[in-house]
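could you work out the structure for the sequence below:
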Amino acid sequence: TQKAVNEIYRVLKPGGEAKVMVYHKNSFRYWILGGLYYGVVKGKLLRMSLDEVNKSFTDGYIARHFTKRDAMRAFSSFRKVRVSVMDQGENLILFTKLNNLMARVISPDIWRRFNVSLMKRFGWFLFIEAEK
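Sure, this is the predicted structure:
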């Protein structure tokens with residue numbers, strides 16, 4: 001991954017921008033879906049590491065998961081770096097049934113705002129904007 005980031009830096013003109021998405025290690029999906037569901041409930045943690053479990057249901061072997069600190073370190077040669085957490089869309093909670101139930105119990109608008117605030121911290125992706 002670092003070689004790819006170094007190559008992005010090399011080919012960018014001064015002032016050029018790179019916009020990159022990577023998987024977020026501190027996401028609900030990494031810990032709840034990967035760790036709890038696939039790892040514990042499905043028993044995958046008995047034969048592989050948590051990182052390997054998460055790779056098994058994303059892009060496979062090439063998938064890498066970064067913390068914000070990891071991303072900042074990888075892009076440290078850039079002049080400006082901004083890392084934000086994001087998710088892939090409206091259905092922000094992993095478990096659709098829980099999402100639907102909570103939207104009925106609580107006001108749908110309040111529940112949506114709660115989801116959005118959670119995903120700004122624990123979303124599945126890190127979006128990196130870096131300027132050379």
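
in stretch 5-24, which residues are buried?
Using 16 or more other CB atoms under 10 Å as the burial criterion, the residues of stretch 5-24 that qualify are 5, 8, 18, 20, 22-24. For glycine as for every other residue, the C-beta is placed from the backbone atoms N, C-alpha and C.

need the max-distance pair from these.
The span of those, defined through CB to CB, is set by Ile8 and His24 at 19.3 Å.

now do the helix or strand where Glu52 lies: everything it contacts.
Using DSSP states H and E, Glu52 falls within helix 50-56. By CB atoms under 8 Å, 6 or more residues apart in numbering, the residues outside helix 50-56 that reach it are 23, 30, 34-35, 38-39, 44-45, 48, 61, 63, 65.

mind saving the C-alpha coords of the longest helix anywhere in the chain as CSV?
As assigned by DSSP state H, the longest helix anywhere in the chain is helix 108-122. Provided in CSV are the C-alpha atoms of helix 108-122 (Å, rounded to 0.1, in the frame of the first residue of the first chain):
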residue,chain,number,x,y,z
PRO,A,108,-37.3,8.1,11.9
ASP,A,109,-35.8,11.6,11.5
ILE,A,110,-34.1,11.4,14.9
TRP,A,111,-32.9,7.8,14.2
ARG,A,112,-31.5,8.9,10.8
ARG,A,113,-29.6,11.8,12.4
PHE,A,114,-28.2,9.4,15.1
ASN,A,115,-27.1,7.0,12.4
VAL,A,116,-25.3,9.8,10.5
SER,A,117,-23.5,11.0,13.6
LEU,A,118,-22.4,7.4,14.4
MET,A,119,-21.1,6.8,10.9
LYS,A,120,-19.1,10.0,10.9
ARG,A,121,-17.0,8.3,13.6
PHE,A,122,-17.5,4.5,12.9
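
quick check: mean pLDDT across that helix?
For helix 108-122, the mean pLDDT works out to 77.

in that helix, what counts as buried?
Buried residues in helix 108-122 (16+ other CB under 10 Å): 111, 115, 119, 122.

from Val83, how far out is the third one?
Plainly put, Met119 is 15 Å away from Val83 if you go by CB to CB, to the nearest Å.
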